[in-house]
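Peer 1: My questions concern the predicted model and sequence given below.
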Amino acid sequence: MSTRSGVFREVVHDVDLCVVGGGIPGICAALAAARHGAKVVLMHERPVLGGNSSSECRVPISGASRSGHNPHLRETGILEELNLENCRRNPHKDYSLWDLVLYEKVQYQPNLTLLLNCTCLDAEMEGDRIASVTGWQLTTETYHTVKARIFADCSGDGVLAPLAGHPFRMGREARAEYGESIAPEEADECTMGMTCFLQARKYDTPQPFEPPAWAYRYESVEELPFDPYGRSEIEHRSFRLGYWWVELGGDRHSIHDAEECREELLRIAFGVWDHLKNQRDYGADNWTLEWVQFLPAKRESRRYVGAHVLTQGDLESEGRFEDVVAYGGWTMDDHHPAGFYAVKLGQPATIYHPTPSPYGIPYRSLYSDAVKNLMFAGRCHSATHAALSSTRVMGTCATMGQAIGTAAAMAAARAALPGDMLDQVGEVQQMLLQDDCYLPWVSQEVAALTREAELSSSRGDPEPVRDGVTRQVGDDVHAWLWRPGDWVAYHFGAESRVDEVALVLDSAMEKEIALSLYNETDCDAVPEVMPKRLRLEVLSGAGRETLHAVEGNYQRSLRLPVGRSVRGVRITLEELWGAEESRLYGFVLR
């Protein structure tokens, strides 16, 4: 520890991986790397984790499932773990409890040091590598310098790009540059804007609203952006959380002009609420403002130019890359740069261009060729503006984050660089699949012990539990149906070493469980189809014995250690969280 100018503290950390940015992709990257043995620092400039999903912004986590329109494409892995934890602990959909879920997972994860309220402001270079980054922690008046083998920028604004001298883009590419039909004819500096939400609560009696003197006044609904879904006027969203089209900043600098945009957005937001309450009868009499977003939720700023730039064409052709490590499926949801004021131009606030769901995202879009030990995930990853209009949503960003955290841990353990792992991307893919991620068109490699063992069950054909696909794909459920009392077992010809049993359980993949006040979701309880009680038995020369009696389970991915030689293993379902039957997607031995 030293001091700067004899006043402020300086603390130095020496780790394998430094993740800058504690939004959803940064959380997934840091947790994945730490769980795979890397020593990690996560530096985040806000007091709470979660970025746009946190209580400061309250944006719903969207992804390939498109709010239930594409069943079974929900992002699993670490994001599923976080969402299921929230389902169990947060039945009233309180965003402060979501903050708590995220904080607890990160703060108490071994191998992981969390630095909140710490803004990254400097990077020290050694040739074509980052040697260290330094952040200023306001609450402790401390400079934190982090030396690391690998750095991951999950900051959203891509703060390490200018600090490390890395090439980046801001704005829209010209249509001809990548052959993108939805791009403008000429390149410009326009981005998608940032939004300020309003949250309201309903009471039993009328609640008057007097707007601030500085709020804008909207007497006519024609002054407000129209609904792109074609529903009636402004009533298409609940008063509980609205409205995404209170958006600005796309025709300004989305970083340097952020404070100016925030002031303008607040004037608009309070003016919209005044319109709802006082200008027309929208049935809002008993509703009152409970919360206003003072930290705008940003959609786009810097984008890295990485080893591969993901384009509109890549998405439309399903992204069938050999190095696929993440996936998306949201439409290319391209918000007008004028945002709220697009209505004055006679333009929609956003245009939804279709994409396949799912499409793959390659590893090469998540690391740098220019700065050899730099990776990136989230909305600053390597993509064009057109592609980013889809990949920017948080469910998709979570898959990127877990991918780079996993790859970074593997690289650090081998004294390798991120780019070196391209040749071992198959190992990265298999590790992600083992950790319950989904990769389109890639199946989990099942060990010989699982493949060759005799498989039996109390009823039906259990073969899908070892087919290497742990979710429904199209019409193929890739699962075995069981009810309380049912069992499935492996038997070996001779005693064989089993280190662990890995189960992939039913978490109602066809439903939406991410926290949202914007759309109705099923996040207020553990899914009824989830197994609550299970029993793992092993068969040895001494007979059958219960090794694990699992009580109160609420997670989809479950690993049960065995660590010995046995002649067989059997899983019995004893209780669900309310349903009559459930799916078992995976039951493999390692």
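Peer 2: Good, I have the coordinates.
Peer 1: Start and end of stretch 416-425, how far apart?
Peer 2: 13 Å (C-alpha to C-alpha, to the nearest Å).
Peer 1: contacting residues around residue 93?
Peer 2: 515-517, 523-524 (C-beta atoms under 8 Å, 6 or more residues apart in numbering). The way it works is simple: take the backbone N, C-alpha and C, and place the C-beta from them, glycine included.
Peer 1: so which of the residues you listed is the most crowded?
Peer 2: residue 515 (25 neighbours; other C-beta atoms under 10 Å).
Peer 1: these two touch, right, it and residue 84?
Peer 2: No. Between residue 515 and residue 84 there is no contact under C-beta atoms under 8 Å: 11.5 Å.
Peer 1: Output the contacts of residue 93 as a markdown table; include the columns distance to residue 198.
Peer 2: Formatted as a markdown table, those follow (distance: C-beta to C-beta, whole Å):
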| residue | distance to residue 198 |
| --- | --- |
| 515 | 17 |
| 516 | 15 |
| 517 | 11 |
| 523 | 21 |
| 524 | 22 |
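Peer 1: Could you identify the least confident member of the residues you listed?
Peer 2: pLDDT across those is lowest for residue 517, at 86.
Peer 1: Report the secondary structure state of that residue.
Peer 2: coil (DSSP: H, G, I helix; E, B strand; the rest coil).
Peer 1: and residue 322, what does it touch?
Peer 2: Here residue 322 is in contact with residue 425 (C-beta under 8 Å, 6+ apart).
Peer 1: where exactly do the strands run in the stretch 101-250 of the chain?
Peer 2: Applying DSSP state E, counting those that start in this stretch to the stretch 101-250 of the chain gives strands spanning 112-115, 118-126, 129-137, 142-153, 168-169, 194-195, 198-202, 247-248.
Peer 1: Can you flag the weakest of those strands by average pLDDT?
Peer 2: Taking the mean pLDDT of the strands of the stretch 101-250 of the chain, strand 198-202 comes last: a mean of 94.
Peer 1: What residues sit buried inside that one?
Peer 2: For strand 198-202, the neighbour count (16 or more other C-beta atoms under 10 Å) marks 198-200 as buried.
Peer 1: Report the residue ranges of every domain in this protein.
Peer 2: Taking automatic domain parsing as the reference, the chain has its domains at 2-170+304-434, 194-298, 448-589.
Peer 1: Report the beta-bridge partners for residue 490.
Peer 2: When bridges are called by DSSP bridges, residue 490 pairs up with residue 455, residue 569.
Peer 1: so what's it up against?
Peer 2: Contacts of residue 490 by C-beta under 8 Å, 6+ apart are 450, 453-455, 568-570, 589.
Peer 1: Among the residues you listed, list the two that are farthest apart in space.
Peer 2: 450 and 570 (14.1 Å; C-beta to C-beta).
Peer 1: tally of neighbours for the nearest residue to residue 400 once chain neighbours are set aside?
Peer 2: What sits nearest to residue 400 in space, not counting adjacent residues and going by C-beta to C-beta, 6 or more residues apart in numbering, is residue 377, at 3.7 Å. Counted by other C-beta under 10 Å, the residues lying close to residue 377 total 33.
Peer 1: Regarding residue 565, which helix or strand does it belong to?
Peer 2: strand 557-576 (DSSP states H and E).
Peer 1: tell me what the helix or strand following that strand is packed against?
Peer 2: Once strand 557-576 ends, the next helix or strand along the chain (criterion: DSSP H and E) is strand 582-584. Contacts defined by 3 or more C-beta pairs under 8 Å, 6 or more residues apart in numbering; DSSP states H and E place strand 582-584 against strand 480-482, strand 487-504, strand 557-576.
Peer 1: Distance check, residue 360 against residue 98.
Peer 2: Separation of residue 360 from residue 98 (C-beta to C-beta, to the nearest Å): 29 Å.
Peer 1: wait, which of the helices and strands packed on strand 582-584 is closest to residue 163?
Peer 2: Comparing the helices and strands packed on strand 582-584 by C-beta to C-beta, strand 557-576 comes nearest, at 36.4 Å.
Peer 1: pLDDT averaged over that closest one, what's the number?
Peer 2: Per-residue scores along strand 557-576 average to 97.
Peer 1: Can I get it in CSV, CA atoms only?
Peer 2: Presented in CSV, the C-alpha positions along strand 557-576 are these (Å, rounded to 0.1, in the frame of the first residue of the first chain):
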residue,chain,number,x,y,z
SER,A,557,-28.2,-27.5,-12.9
LEU,A,558,-27.2,-29.8,-10.0
ARG,A,559,-23.9,-31.5,-9.4
LEU,A,560,-23.6,-34.2,-6.8
PRO,A,561,-20.1,-35.4,-5.8
VAL,A,562,-19.5,-39.1,-5.6
GLY,A,563,-15.7,-39.5,-5.6
ARG,A,564,-15.4,-43.3,-5.4
SER,A,565,-15.7,-46.5,-7.4
VAL,A,566,-19.3,-47.9,-7.5
ARG,A,567,-21.2,-50.5,-9.5
GLY,A,568,-24.1,-48.2,-10.3
VAL,A,569,-26.0,-44.9,-9.4
ARG,A,570,-29.7,-44.1,-9.2
ILE,A,571,-31.6,-40.9,-9.0
THR,A,572,-35.1,-40.9,-7.5
LEU,A,573,-37.5,-37.9,-7.7
GLU,A,574,-39.3,-37.5,-4.4
GLU,A,575,-41.1,-34.1,-4.7
LEU,A,576,-41.8,-31.3,-7.2
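Peer 1: what's the most buried one of the helices and strands packed on strand 582-584?
Peer 2: strand 480-482 (a mean of 21; mean count of other C-beta atoms under 10 Å).
Peer 1: what lines up beside that strand in the sheet?
Peer 2: Counting by DSSP bridges, strand 480-482 is paired with strand 582-584 (antiparallel).
Peer 1: What distance do you get for the most centrally placed residue in the chain to residue 36?
Peer 2: Centroid-nearest residue in the chain, with C-alpha atoms, centre = their mean: residue 398, separated by 2.7 Å. To residue 36, residue 398 is 17 Å away according to C-beta to C-beta.
Peer 1: rewinding a little: could the contacts of residue 490 go into TSV alongside distance to residue 298?
Peer 2: Output for those, formatted as TSV (distance: C-beta to C-beta, whole Å):
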residue	distance to residue 298
450	45
453	51
454	55
455	50
568	54
569	49
570	51
589	45
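Peer 1: Which of the residues you listed sits closest to residue 13?
Peer 2: residue 589 (38.6 Å).
Peer 1: quick one: contacts for that closest one?
Peer 2: 447, 449-450, 453, 490, 498, 500-502, 569.
Peer 1: What is the nearest of these to residue 413?
Peer 2: For the contacts of residue 589, the nearest to residue 413 is residue 500 (19.8 Å; C-beta to C-beta).
Peer 1: So that closest one sits against residue 590, correct?
Peer 2: Yes. At 5.1 Å, residue 500 counts as touching residue 590 under the criterion of C-beta under 8 Å.
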